[in-house]
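# How does the following fold in three dimensions:
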Amino acid sequence: MKAVLCRRWGGPESLSVEDAADPAPGPGEVAIRVEGCGVNFADTLIIQGKYQVRPDLPFTPGMEVAGAIAAVGEGVERYRVGDAVIGMVGTGGFAERVVCPERHLLSRPAAVDGVTAASMPVAYGTAHIALADRAGLKPGESLLVHGASGGVGLAAVEVGKAMGALVIATASSDDKLAIAREHGADHAIDYTKGEFRDTVKELTGGGADVIFDPVGGDVFDQSLRCISWGGRLLVIGFAAGRIPQAPANIVLVKNISVVGVHWGTYRDKGRTVLRDSFTRIFGWLEEGKLRPLVSRTYILDETARAIGDLAERRARGKIVVTP
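Sure thing, here's the model as predicted:
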């Protein structure tokens, strides 16, 4: 098979596409014939050795795949060869085949094609667990979503609307804000045109109840100034590059919660929560409340370009590599 290999820490240019042996599933594992692998911001970090997980070199990046089961290992009971699945693999996805533990699989809804399915686990899984499980977002509350045209941000806009929230989206250009509006945002703010905190306060009558922040840096700092009393600030990631700090006096006086959301750990530490989450997500998808946006697909030989485009914020919604 063909696979993308990271043999040294570095940027996308350090990746190569090479011949590799077809992986064989061990006990409790399946081999998936990959139809699509979603590209995530974490992929830009893991190839530099800067992600929370640091695989041994060489390795194949790619965290989420969709495809069909090509082989099953000993002890696999819930799946058979030919079943359409989504695999939350962590690494190995940018390849023609990948091995995945049975416990990290989801059955793929029949109406969802492989490319769309590959775009959903990280983005929609993060958005729903963050808003429902970590923040307890309630109907009628206000939700401020930063980076709202990216994969996880756009998913948060849609999930927030499905949960009955007033959604305020921020992004860095008019075309990105237009995408957020098309996917349900009630209000949209360009955060490159000055401080957004006063606008958020005006729109919410004092401050946002929940803030979804995959950006960090100065955006996080301003968020602390426009969150409501008793609000919940969700720490999703740091696309801006700077990891911010939350002054304890603001946390105290405003009675707020600063809540971390590391979705990947739910694969092992919260599997029941994860499966319940996707039951809800797939239900909304069938009802037409979620409309995953895959703005572009790349072939396997273009994986480095796909990761580079994401790193340079040229992507809208999700981008997917298709072997």
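# only C-alpha atoms for contact and neighbour calcs from this point on.
OK.
# How is the chain divided into domains?
For the chain, automatic domain parsing gives the domain ranges 2-120+292-322, 124-264.
# Which stretch among these approaches residue 275 most closely?
Nearest of the domains of the chain to residue 275, taken as C-alpha to C-alpha: domain 2-120+292-322 at 8.0 Å.
# what pLDDT, on average, does that closest one get?
For domain 2-120+292-322, mean pLDDT rounds to 95.
# chain center to it: distance?
Domain 2-120+292-322 sits 13 Å away from the centroid of its parent chain (C-alpha atoms, centre = their mean, to the nearest Å).
# Tell me where the stretch 151-300 of the chain has strands.
166-171, 187-190, 208-213, 227-235, 257-260, 294-299 (DSSP state E, counting those that start in this stretch).
# export those to JSON lines and tack on distance to residue 25 and mean neighbour count?
Formatted as JSON lines, the strands of the stretch 151-300 of the chain follow (distance: least, C-alpha to C-alpha, whole Å; neighbours: other C-alpha atoms under 10 Å):
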{"stretch": "strand 166-171", "distance to residue 25": "42", "mean neighbour count": "26"}
{"stretch": "strand 187-190", "distance to residue 25": "47", "mean neighbour count": "19"}
{"stretch": "strand 208-213", "distance to residue 25": "37", "mean neighbour count": "28"}
{"stretch": "strand 227-235", "distance to residue 25": "35", "mean neighbour count": "22"}
{"stretch": "strand 257-260", "distance to residue 25": "34", "mean neighbour count": "15"}
{"stretch": "strand 294-299", "distance to residue 25": "25", "mean neighbour count": "16"}
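# Now distance to residue 130 too, for these, in CSV please.
Converted to CSV, those look like this (distance: least, C-alpha to C-alpha, whole Å):
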stretch, distance to residue 130
strand 166-171, 15
strand 187-190, 21
strand 208-213, 8
strand 227-235, 7
strand 257-260, 8
strand 294-299, 22
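# Tell me which of those approaches residue 53 most closely.
strand 257-260 (16.6 Å).
# Summarise which helices and strands that closest one is packed against.
Here strand 257-260 touches strand 227-235, going by 3 or more C-alpha pairs under 8 Å, 6 or more residues apart in numbering; DSSP states H and E.
# List the residues that contact residue 128.
Residue 128 is in contact with 156, 159, 277, 281, counting by C-alpha atoms under 8 Å, 6 or more residues apart in numbering.
# Looking at these, which is nearest residue 255?
residue 156 (23.8 Å).
# that older thread, I'd like to know which of the strands of the stretch 151-300 of the chain lies nearest to residue 92.
Closest to residue 92 of the strands of the stretch 151-300 of the chain, according to C-alpha to C-alpha: strand 294-299, at 15.6 Å.
# After that closest one, which helix or strand is next? Please name it.
Using DSSP states H and E, the helix or strand that follows strand 294-299 in sequence is helix 303-311.
# which residues does the nearest residue to residue 306 once chain neighbours are set aside form a beta bridge with?
Spatially, and ignoring its direct neighbours in sequence, residue 306 is nearest to residue 298 (6.6 Å; C-alpha to C-alpha, 6 or more residues apart in numbering). As for beta bridges, residue 298 partners with residue 321 under DSSP bridges.
# which ones are touching residue 298?
Counting by C-alpha under 8 Å, 6+ apart, residue 298 has contacts 306, 319, 320, 321, 322.
# quick one: the third one from residue 234, how far?
The spacing between residue 320 and residue 234, counted by C-alpha to C-alpha, to the nearest Å, is 26 Å.
# cool, and the last one?
Residue 322 sits 32 Å away from residue 234, going by C-alpha to C-alpha.
# next one: the second one
Distance of residue 319 to residue 234, given as C-alpha to C-alpha: 24 Å.
# cool, the first one as well?
With distances defined as C-alpha to C-alpha, the gap from residue 306 to residue 234 amounts to 27 Å.
# mind checking the SS state of the nearest residue to residue 263 once chain neighbours are set aside?
Excluding its sequence neighbours, the residue lying closest to residue 263 (C-alpha to C-alpha, 6+ apart) is residue 126, at 5.4 Å. Assigned state for residue 126: helix (three-state reduction, DSSP: H, G, I helix; E, B strand; the rest coil).
# Might you quantify the distance of the host helix or strand of residue 123 from its chain's geometric centre?
Under the criterion of DSSP H and E, residue 123 resides in helix 121-128. Taking C-alpha atoms, centre = their mean, one finds helix 121-128 lying 5 Å from the centre of the chain it belongs to.
# Could you export the next helix or strand after it as PDB, CA atoms only?
Towards the C-terminus, the helix or strand next in line after helix 121-128, according to DSSP H and E, is strand 142-145. Presented in PDB, the C-alpha positions along strand 142-145 are these (Å, rounded to 0.1, in the frame of the first residue of the first chain):
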ATOM      1  CA  SER A 142     -25.700  32.600  24.400                       C
ATOM      2  CA  LEU A 143     -22.700  30.900  22.800                       C
ATOM      3  CA  LEU A 144     -19.600  32.700  21.400                       C
ATOM      4  CA  VAL A 145     -17.600  30.600  18.900                       C
END
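# From residue 256, how far out is the residue nearest to residue 13 when sequence neighbours are not counted?
For residue 13, ignoring the flanking residues on the chain, the nearest one in space by C-alpha to C-alpha, 6+ apart is residue 304 at 6.2 Å. To residue 256, residue 304 is 40 Å away according to C-alpha to C-alpha.
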